[in-house]
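*Asks:* What follows is a predicted protein model with its sequence.
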Amino acid sequence: MKKLSEEALKGMSDGELRTAARRLETRVGKQKRGTDATRALEEEICYIQRELELRRRFGHARVSVESQNNENALEFERP
């Protein structure tokens, strides 16, 4: 599975994040939990859950501040 970047996580809606987390949890459940095979999936779930937690605490201002910073960035600094 391809890991989601921090920017990709920020660009997703809350519903998309929850859906992605549930999909990964299902895949982990089908495999043996806690093995090396599921470690990457479990790690990805943690990143998604962390993004959701940050949004609950700080709202979407976190996303809009990042967008505003990109608008003020110099041309070579933009993604």
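*Replies:* Perfect, I can see it now.

*Asks:* going forward, measure contacts between C-alpha atoms and count neighbours the same way
*Replies:* OK.

*Asks:* remind me which residues of the protein are low pLDDT?
*Replies:* Low-confidence regions of the chain, defined here as pLDDT under 70, cover residues 1-2, 33, 60-79.

*Asks:* in it, which helix has the most residues?
*Replies:* Of all the elements of type helix in the chain, the one with the most residues (DSSP state H) is helix 36-58.

*Asks:* for that helix, which positions count as buried?
*Replies:* Residues 38, 41-42, 44-45, 47-48, 51-52, 55 are the ones in helix 36-58 that count as buried (16 or more other CA atoms under 10 Å).

*Asks:* same question, stretch 3-21
*Replies:* Using 16+ other CA under 10 Å as the burial criterion, the residues of stretch 3-21 that qualify are 9-10, 14, 17-18, 20-21.

*Asks:* now do stretch 24-34
*Replies:* Along stretch 24-34, these residues count as buried under the neighbour rule (16+ other CA under 10 Å): 24-25, 28.

*Asks:* with these in mind, which one is nearest to K3?
*Replies:* For these, the minimum distance to K3 (CA to CA) is 11.5 Å, reached by L24.

*Asks:* correct me, but that closest one touches E43?
*Replies:* No: here L24 does not reach E43: they are 10.0 Å apart, not a contact under CA atoms under 8 Å.

*Asks:* Can you add secondary structure and give the buried residues of stretch 3-21 back as a markdown table?
*Replies:* A markdown table is the format used below for these (DSSP: H, G, I helix; E, B strand; the rest coil):
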| residue | secondary structure |
| --- | --- |
| L9 | helix |
| K10 | helix |
| D14 | helix |
| L17 | helix |
| R18 | helix |
| A20 | helix |
| A21 | helix |
